[in-house]
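Asks: sequence and predicted structure are below.
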Amino acid sequence: MKSGFQIEYYDHGPGGSLYTIRFEDEENTELDKFLSKKEITESYDFESLVSRVGDMVESQGFKEEFFKPEGSILDSLSALHYNNGPLRLFCLRWSSALLVAGCGGIKRTRTYQEDSTLNAIAEKLQIIDGLISARQQSGEIVIDSTTGFLSGNLNFTSN
Amino acid sequence: MSSLLKQTLAKISPYTKHFVRRQGEFAIKINELLVETGMTQRELAGKLGKKESYISRVLSGWANPTFKTITALEVALGKEFLDFHLELKCQKIFGIQYHKNPWNNVSRNPSDIKMPDVVLSSEKNTIEWTVDESSQAA
């Protein structure tokens, strides 16, 4: 991946910890981009989807059943949607206590892979997932299994 | 400063927030009961006469089941999960408040109900009730 990024703390609650990604030299985090893009905020399922994010942090946890597994069985790429509606928020669902939210958009194609924007978001997340995983295995990043808090080196510099 | 997520949540209508929260709680409850009973999604769908995909939607937290379907789920899973918190009305008898079944309370420990000793006296064709204070002191 060409640009560096950091895993940034966003929020936490009894349900778990929410992180997002901020790419090098970008003003907004990936989650904030999702929450502010006009096309997304005007989608009919936007408020329900965002309410669900709030509930998961506040009490319900990032339950596996709430997400649509994407990517491969080897990564934690998942998509949050409202009742299979067009809006997708791509995330790395590490556990019921830890979610790294990326960005997303409106899916107008049969699969997200056929949409270049959504596919690019998903592919970047898959790469990030691998990098986090590698640091977790080496002990550079530690995940608290109860709270979902991340500690350690959350900065990833560009190649 | 409040995050953009919190700012966005603050603008969402209370109805939407409550509805989505209840959908999520419903999903979690059904999932817990499936685990508790050892029932599979397929078995539950069969008991309800619905497709397995419907149960999957319920568990995903996006279903909007009818009251009939909720009742059917309760029967199928053997547990009530919609609690309306109804309570039997309280009754006051002789100033004492009873809950649930007042007659049990009355009959269970009649000796606990202290009744004053009364002495009848009559004067000038009137009947007056007085309390025997000596028995009260005991």
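Replies: Structure received.
Asks: contact residues of chain A facing chain B?
Replies: A:10-11, A:18, A:31-32, A:35-36, A:47-48, A:50-56, A:60, A:63, A:65-66, A:82-84 (C-beta under 8 Å from any C-beta of the partner chain). C-beta coordinates here come from the backbone N, C-alpha and C atoms, glycine included.
Asks: make it 7 Å
Replies: Neighbours of chain B within chain A, by C-beta under 7 Å from any C-beta of the partner chain: A:10-11, A:31-32, A:35-36, A:47-48, A:50-55, A:60, A:63, A:65-66, A:82-83.
Asks: skipping its backbone neighbours, what lies nearest residue 9 in space?
Replies: No chain was given, so I picked chain A. Nearest residue to residue A:9 in three dimensions, chain neighbours excluded: residue A:19, at 5.7 Å (C-beta to C-beta, 6 or more residues apart in numbering or on different chains).
Asks: please go with chain B instead
Replies: Per C-beta to C-beta, 6+ apart, closest to residue B:9 is residue A:54, 4.7 Å.
Asks: now that neighbour: how far from residue A:75?
Replies: Distance, residue A:54 to residue A:75, using C-beta to C-beta, to the nearest Å: 25 Å.
Asks: please identify which of those two sits among more neighbours.
Replies: Ranked by neighbour count (other C-beta atoms under 10 Å in any protein chain shown), residue A:54 and residue A:75 place residue A:54 first, with 23 against 18.
Asks: correct me, but the more buried one touches residue B:10?
Replies: No - Residue A:54 is beyond contact range of residue B:10, at 9.9 Å (criterion: C-beta atoms under 7 Å).
Asks: inside strands: which ones of the residues of chain A next to chain B?
Replies: Residues of the residues of chain A next to chain B located in strands (DSSP state E): A:10-11.
Asks: buried ones among the residues of chain A next to chain B?
Replies: A:10-11, A:31-32, A:35, A:47-48, A:50-55, A:60, A:63, A:66, A:82 (16 or more other C-beta atoms under 10 Å in any protein chain shown).
Asks: show the pLDDT at residue 80.
Replies: All of this is about chain A. You'll see residue A:80 listed with a pLDDT of 96.
Asks: chain B, not that one
Replies: Per-residue pLDDT puts residue B:80 at 86.
Asks: spell out which helix or strand contains it, please.
Replies: Assigned by DSSP states H and E, residue B:80 belongs to no helix or strand.
Asks: so how far is the first residue of stretch A:54-64 from its last?
Replies: Stretch A:54-64 has an end-to-end distance of 16 Å (C-alpha to C-alpha, to the nearest Å).
Asks: run the chain-centre distance for that stretch.
Replies: 14 Å (C-alpha atoms, centre = their mean, to the nearest Å).
Asks: which residues touch it?
Replies: Applying C-beta atoms under 7 Å, 6 or more residues apart in numbering or on different chains, the contact partners of stretch A:54-64 are A:11-16, A:18, A:66, A:93, A:96-97, A:99, B:5, B:9, B:20-21, B:24, B:28.
Asks: let's go with 8 Å and repeat that
Replies: A:11-18, A:66, A:93, A:95-99, B:5, B:9, B:17, B:20-21, B:24-25, B:27-28, B:31, B:61 (C-beta atoms under 8 Å, 6 or more residues apart in numbering or on different chains).
Asks: report the buried members of those.
Replies: Buried, going by 16+ other C-beta under 10 Å: A:11-13, A:15-18, A:66, A:93, A:95-99, B:5, B:9, B:17, B:20-21, B:24, B:27-28, B:31, B:61, out of the contacts of stretch A:54-64.
Asks: many thanks, I have nothing further to ask.
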